[in-house]
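Trainee: return atomic coordinates for the entry below.
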Amino acid sequence: MQASVGDKLLVHGKVVGQHERTAEVLEVLGKDGKPPYRVRFEDGHETVMLPSPDTVVRHVEGDA
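Mentor: Model prediction:
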């Protein structure tokens, strides 16, 4: 997994009824865009995260 500052991480629910969560990458702490990442979730909570296999990166489009 590789991400850049500004990318979104979509974390799928692990159990029935659990909603997906979205986090914005604030800082990449690993080398070459690899985890861990400092992220902010939609509720404002910030944490350092090692994404699980149920996480998808949504890359931010660059300026065209």
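
Trainee: only C-alpha atoms from now on, for both contacts and neighbour counts.
Mentor: Fine.

Trainee: show me what contacts the closest residue to residue 50 other than its chain neighbours?
Mentor: Counting by C-alpha to C-alpha, 6 or more residues apart in numbering, residue 50 lies nearest to residue 36, which is 4.8 Å off, once chain neighbours are set aside. Residues in contact with residue 36 (C-alpha atoms under 8 Å, 6 or more residues apart in numbering) are 28, 29, 30, 48, 49, 50, 51.

Trainee: switch to 7 Å and redo it
Mentor: By C-alpha atoms under 7 Å, 6 or more residues apart in numbering, the contact list for residue 36 reads 28, 29, 30, 48, 49, 50.

Trainee: which ones are touching residue 35?
Mentor: Per C-alpha under 7 Å, 6+ apart, neighbours of residue 35: 28, 29, 50.

Trainee: residue contacts, the residue nearest the centre of the chain?
Mentor: Nearest to the mean C-alpha position of the chain, counting by C-alpha atoms, centre = their mean, stands residue 9 at 2.7 Å. By C-alpha under 7 Å, 6+ apart, residue 9 lies in contact with 22, 23, 24, 55, 56, 57, 58.

Trainee: ok, residue 28 next?
Mentor: 4, 5, 35, 36, 37, 38.

Trainee: switch the cut-off to 10 Å
Mentor: Neighbouring residues of residue 28 by C-alpha atoms under 10 Å, 6 or more residues apart in numbering: 2-6, 34-39, 48-49.
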